[in-house]
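Asks: Sharing a model prediction with you, sequence too.
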Amino acid sequence: MTEITAPKSPVTAEQFADEIREQLKYTQNVTPEQATAADVYVAAAKAVRNHLADSWFKTQADTVNGNTKAVGYLSAEFLMGKQLENALLNAGLTEQFDAAVEALGFQPKDIVDAEYEPGLGNGGLGRLAACFIDSLASLGVPAFGYGIQYKYGIFKQTFDENGKQVETPDYWLTNEEPWGHVDYNRDQKVSFGGEVVEENGKKVWKPAWSVRAVPVDYLVPGYASGRVNTLRLWTAKSYDEFDLLAFNKSEYLDAVKPQVKAENISKILYPEDSTKVGKELRLEQQYFFVSASLHDAIRVFYPGQDKPDLTTFPNKITFQLNDTHPVIGIPELMRILIDEYDYDWDTAWGITQKTFNYTCHTLLPEALEVWPASLIGELLPRHLEIIEKINEQFEDELKDNGIDDKTIEDMRIYTGDAVRMAYLATYGGSHVNGVAELHSQLLKDVTLKNFSDAYPDKFTNVTNGVTPRRFIKLANPGLSDLITEGLGTDKWLSDLDLLQGLVPLAQDDEFVKKFAAVKQANKHAFVGFAKQHYGIDVDENTLFNTMVKRLHEYKRQSLKILLVISQYAALKKGEVSAEEILPRTVFFGAKAAPGYYLAKLTIELINNVSKVINNDPDVKGKLAVHMLPNYNIEMAQNLIPATELDEQISQAGKEASGTGNMKFALNGALTVGTLDGANVEIREKVGAENFFLFGMTVDEVEKLYAEDYDPAKYYEADPRLKHAIDLVANGTFSNGDRNTYAPLVADWLTKDWFMALADFSSYADIQAQIEKLYRDPLEWNRKALLNVANSGYFSSDRSMEDYLERIWHTGPLA
Ligand code: 8GP
């Protein structure tokens, strides 16, 4: 008998149907007969939100009065995905919902599909934040996610007829959005500009302008914990929205200028920052949400107190800085404590350092934000003074510890011209962590070496994780049921290590066949999804091979497309015999930053390779390539469960962790990958024999850089690679035009900073192993099942437990 631990709901399906009817009547103002799927979706969302309200209030009260410190997760991105199914699952209302909407004459899937996915994140760091707040609520740890409710989020990606990326605004808030509650009564004022003057021996900041930060509250229900935390996303409003005088003079545009200026702050995620005003806007965004959040935490934990004892602040809440974007919080908390609450510098510094911790998500030096001091000075003059003083204190401390002048100069937070936010975060907080073992090691050995030498105790690792609720249970119900059947319990959903219990079942051929059948059903379902969403025909009897992630040179989508081209060329030349042909469908999904030229050109190339291959009758049924537009959580939830071979092929030492790799392993895909990021740990856990490893190690990469890497040598040495690059160069994928991809070809042959060419041969060679194994479905699926069974470690619940123990020193509410 299977034991069910999923939360039980207090209502029956009939009662839930009545609640939906009531919402339709009183908030949607339609009769059930008039209602569309979109109406029912909003009504159901509101009904489920109502179910969570009491737990939310109780969690808030316990958080404030509680016996444990809360977590504040400050993040520029929260890539949440659709909410309805997740909320139903965590409220224990899934079955009631299904029956209720059927009683109303709808299909549950149509209602779920009516939700529009918010694009409040860009990539790994944003999805990680969403997994983390899910896990914190599920563990019963009081937590606040703090960020921005961007009106247009990240851009929506389409492709033009030439295959180029086109960015359009994502109007995700155009229709009713039932999850966020705009709380005008708990707003905060955030100020900018102006000057600092001295009054009675005290520094006083006289800002030039202010905006109103209005919170929008999202409920974050835990799975089977009875806890509901808060995601508070700020939206920017103007205090003087409308200049009536100007309007009456017919200066209509001038009349709304202040409103536009204020609201621009929460318009889009990561505005283009190649110009000065672009940079200014980014800094405005960062300060905006961080200042509002810190003030909000003081409001929450010291309600109604004019002179709270803020020396207790770090016992109430610990703030995690998700990358460098919120690091301006460090001088801001100093300013609040000194200027607004009259603490002396040392007391303020003690509180501040205890309050913050910093997670670094990169190894690329250029991704560590550095702000021009002049910009900070203009926008936040008081903060620049505080940063200067922090830097002075820091340099003194280093000197006292016997650090030499040259090293101190290298470590300066404030150089006179610029402020290095990662250094400020490292010095200004208690702990710094990387996001996978290898990454944390490289942070200590390379990126932040001087800091790790000076403050070794600050540094720690927490390997990333993903939530099994969304990425197994919701994304892959077939696998989820099979796991529950295999283990005889569904407790694995909140204790993912239990997946280990599947290891013996990998020797049971019948179970492996059932597992294979689930994968095949997922592939079949994705064929339908692809037809519906992208209008493409996919052959489900091919190997589904996927590479989805942000587009970046270090992730090496170009390595993958060069391999595809070489496979295409081999098929065309008849080099592969009929028996040897392993039909593949290759899926790419990736957005490129709007200003990233080579990344966008790579997208164009992939699209055009796809056009040529998919229209070539010679390779029909043997090879197909699809660049799917607008990679998002919905696509991930549909494509990952259907994927058999996952690509994690970054240059060793460049991918901080990766979290897609974890989702694929947990959904029974095999990985072809390098020894980079969390791949290293995944391979350790699932077993080297169940992972396709290729490419250079970090040390080999370093050695090759030191030897003056010459990519052309590799081009000459491997005819497969040479032929693939020649085809790109000679216009095969650009209607004969040799210029289109000339910049890419030139980069590959003369620079190739991430050494795709050097790794090409081993990458191409390992394909034979992959194809051999795939021809033996039982063995392939046995290995895939072992990936699932051994990946329990990559639950974000485990990540959160590591943060609680190593960094936050707190735990669940009693
Ligand atoms: C990503 C890392 O690239 C990825 O390896 C890691 O798994 C993920 O963070 C979560 O830790 N980094 C970003 O998403 C990132 O740096 N985004 C930039 C836009 C800030």
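Replies: Nice, thanks for sending it over.
Asks: and the gap between Val101 and Arg798?
Replies: Relative to Arg798, Val101 is positioned 35 Å away (CB to CB, to the nearest Å). C-beta: built from backbone N, CA, C; applies to glycine.
Asks: Read off the pLDDT value for whichever residue of the chain sits closest to the ligand.
Replies: Closest to the ligand within the chain is Gly124: 2.8 Å, counting by CB to the nearest ligand atom. Turning to Gly124, the model gives it a pLDDT of 96.
Asks: Gly574 too?
Replies: In this model, Gly574 is scored at 89, pLDDT.
Asks: can you check the one 10 residues further on too?
Replies: According to the prediction, Arg584 has pLDDT 97.
Asks: on that earlier part again, residues contacting the closest residue to the residue of the chain closest to the ligand other than its chain neighbours?
Replies: With sequence-adjacent residues excluded and distances taken as CB to CB, 6 or more residues apart in numbering, Gly124 is closest to Thr659, at 5.3 Å. Applying CB atoms under 8 Å, 6 or more residues apart in numbering, we find Thr659 in contact with Gly124, Arg127, Leu128, Cys131, Asn464, Gly465, Val466, Ala678.
Asks: which parts of whichever helix or strand Tyr763 is part of are buried?
Replies: In this assignment (DSSP states H and E), Tyr763 forms part of helix 756-774. Residues of helix 756-774 classed as buried by neighbour count (16 or more other CB atoms under 10 Å): Ala756, Leu757, Ala758, Asp759, Phe760, Ser761, Tyr763, Ala764, Gln767, Ile770, Leu773, Tyr774.
Asks: what about that helix, average pLDDT?
Replies: 97.
Asks: Pull out the buried positions in stretch 348-359.
Replies: The neighbour-count check on stretch 348-359 (16+ other CB under 10 Å) flags Ala348, Trp349, Ile351, Thr352, Gln353, Thr355, Phe356, Asn357, Tyr358, Thr359 as buried.
Asks: Which of these sits closest to Lys151?
Replies: Checking the buried residues of stretch 348-359 against Lys151 by CB to CB gives Thr359 as the nearest, at 26.7 Å.
Asks: Show me where the stretch 301-450 of the chain has its strands.
Replies: Along the stretch 301-450 of the chain, counting by DSSP state E, counting those that start in this stretch, strands occupy 317-322, 356-359, 370-372, 418-420, 432-434.
Asks: CSV please, covering the ones you listed and showing mean pLDDT and distance to the ligand.
Replies: Converted to CSV, the strands of the stretch 301-450 of the chain look like this (pLDDT from 0 to 100; distance: least, CB to the nearest ligand atom, whole Å):
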stretch, mean pLDDT, distance to the ligand
strand 317-322, 98, 9
strand 356-359, 98, 7
strand 370-372, 97, 14
strand 418-420, 98, 16
strand 432-434, 98, 9
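Asks: one step back: of Val101 and Arg798, which one has the most company?
Replies: Between Val101 and Arg798, counting by other CB atoms under 10 Å, Val101 is the more crowded of the two (25 against 19).
Asks: any idea how far that one lies from Asn67?
Replies: According to CB to CB, Val101 stands 41 Å off from Asn67.
Asks: ditto for Glu263
Replies: For Glu263, the distance to Asn67 equals 41 Å [CB to CB].
Asks: Which one of those two is surrounded by more residues?
Replies: Neighbour totals were compared for Glu263 and Asn67, and Glu263 leads with 17 against 10 (other CB under 10 Å).
Asks: nearest spatial neighbour of the more buried one, skipping sequence neighbours?
Replies: Nearest non-adjacent residue to Glu263, counting by CB to CB, 6+ apart: Ala236, 5.7 Å away.
Asks: rewinding a little: switch the strands of the stretch 301-450 of the chain over to TSV; also include distance to Asn614.
Replies: As requested, those are exported to TSV (distance: least, CB to CB, whole Å):
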stretch	distance to Asn614
strand 317-322	39
strand 356-359	41
strand 370-372	44
strand 418-420	47
strand 432-434	40
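Asks: for these, which one sits closest to Pro207?
Replies: Closest among the strands of the stretch 301-450 of the chain, using CB to CB: strand 370-372, at 18.3 Å.
Asks: Pull out the buried residues from the closest one.
Replies: Val370, Trp371.
Asks: how far is it from where the chain is centred?
Replies: Distance of strand 370-372 from its chain centroid, counting by CA atoms, centre = their mean, to the nearest Å, is 24 Å.
Asks: Same question for stretch 536-546.
Replies: Put simply, stretch 536-546 sits 26 Å off its chain's centre (CA atoms, centre = their mean).
Asks: For that stretch, list every residue counted as buried.
Replies: Within stretch 536-546, the residues scored as buried using 16+ other CB under 10 Å are Val538, Glu540, Thr542, Leu543, Phe544, Asn545, Thr546.
Asks: Pretty sure the second one sits in a strand.
Replies: Read that as Glu540. No: Glu540: not assigned to a strand; according to DSSP: H, G, I helix; E, B strand; the rest coil it is coil.
Asks: Begin at 199, not 1, for the rest of this chat.
Replies: Yes, from this point I'll number from 199; that puts the last item at Glu738.
Asks: List the residues that contact it.
Replies: By CB under 8 Å, 6+ apart, the residues touching Glu738 are Gln718, Lys721, His722, Phe724, Val725.
Asks: Just the buried ones from the residues you listed?
Replies: Gln718, Lys721, Phe724, Val725.
Asks: Could you export those residues as JSON lines, including secondary structure and pLDDT?
Replies: As requested, the buried ones among the contacts of Glu738 are exported to JSON lines (DSSP: H, G, I helix; E, B strand; the rest coil; pLDDT from 0 to 100):
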{"residue": "Gln718", "secondary structure": "helix", "pLDDT": "98"}
{"residue": "Lys721", "secondary structure": "helix", "pLDDT": "98"}
{"residue": "Phe724", "secondary structure": "helix", "pLDDT": "98"}
{"residue": "Val725", "secondary structure": "helix", "pLDDT": "98"}
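Asks: Cross-check those residues against the ligand and keep the overlap.
Replies: Among the buried ones among the contacts of Glu738, no residue is within reach of the ligand (CB under 6 Å from any ligand atom).
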